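Undergrad: Below is the structure, and that's it, no one-letter string:
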């Protein structure tokens, strides 16, 4: 995977969570992931086409997503419910939007599909290209989450 | 500016409607109604007086762009202030929204200050 795709998604994730949930996640060192097992308890996945082709997933631990969505809604949420699933889809959509705007500025026009959300421990993230994917790990005090990207140059 | 204006939030995600409602409340707007897509938004617009529309772009049944076109084509509603909310800041989308007569657009993510500023700018032009 071309490394030029990493920064827009890293910056997009930080920007979306800062603005919408008022949290500042700490980014860790990216690494390669070879299997389809999700890192978190709930994941949003979105397909991308155009100058970059593949998919993006955001996978959150329970503690982390409860904190993020509670901050977004201004009310305390203690379980993974419909609001959380909605929010994960919307966050995935927004991160993709910010990243695609940054890619567009570099002359790369990328189109996104509708995000899907999968929940439950040990769920899978099936990337459009099959993998392997690059993981950008993030940490909040309440738990970790990752951005899981599997992209190639479009044709 | 009059903060008692009645604002219609249109978004298929209930969570996003809550988020926008919270952001509006932070800026002092309390008179808020909601619709889950363009079709329901049109029903609301035809049944009660709405002063301002904040609509998502991507929705099933009737998108924000289709809703905007329907509003501008309606003699009674055509002057209604219409703020489009989108995760799509792509140039072609902006052009399509401007051509359809959008009052302004706002790209997700955004703060309550940015949202308030957009609303004020639109209302000042009326």
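TA: In hand now; what should we look at? Note that the structure is a prediction, hence the values are computed from the model and not measured.
Undergrad: Which strand in chain A has the most residues?
TA: Among the segments of chain A that qualify as a strand by DSSP state E, the longest is strand A:143-153.
Undergrad: For the longest helix belonging to chain A, name the packing helices and strands.
TA: Determined from DSSP state H, the single longest helix within chain A is helix A:82-105. Where contact means 3 or more Cβ pairs under 8 Å, 6 or more residues apart in numbering or on different chains; DSSP states H and E, helix A:82-105 is packed against helix A:6-21, strand A:42-50, strand A:52-60, helix A:62-73, strand A:110-112, strand A:116-119, helix B:14-26. All C-beta spots, glycine's among them, are computed from the backbone N, C-alpha and C.
Undergrad: can you redo those as TSV with mean neighbour count and distance to residue A:146?
TA: Listed next are the helices and strands packed on helix A:82-105 as TSV, based on neighbours: other Cβ atoms under 10 Å in any protein chain shown; distance: least, Cβ to Cβ, whole Å:
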stretch	mean neighbour count	distance to residue A:146
helix A:6-21	20	10
strand A:42-50	21	9
strand A:52-60	26	5
helix A:62-73	22	10
strand A:110-112	20	19
strand A:116-119	17	14
helix B:14-26	19	21
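Undergrad: Pipe those into TSV and attach distance to residue A:83 and mean pLDDT per row.
TA: Below are those laid out as TSV (distance: least, Cβ to Cβ, whole Å; pLDDT from 0 to 100):
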stretch	distance to residue A:83	mean pLDDT
helix A:6-21	13	93
strand A:42-50	12	94
strand A:52-60	14	94
helix A:62-73	6	95
strand A:110-112	22	90
strand A:116-119	12	94
helix B:14-26	5	92
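Undergrad: Output the ones you listed as CSV; include the columns distance to residue A:103.
TA: As requested, these are exported to CSV (distance: least, Cβ to Cβ, whole Å):
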stretch, distance to residue A:103
helix A:6-21, 5
strand A:42-50, 9
strand A:52-60, 7
helix A:62-73, 24
strand A:110-112, 5
strand A:116-119, 22
helix B:14-26, 23
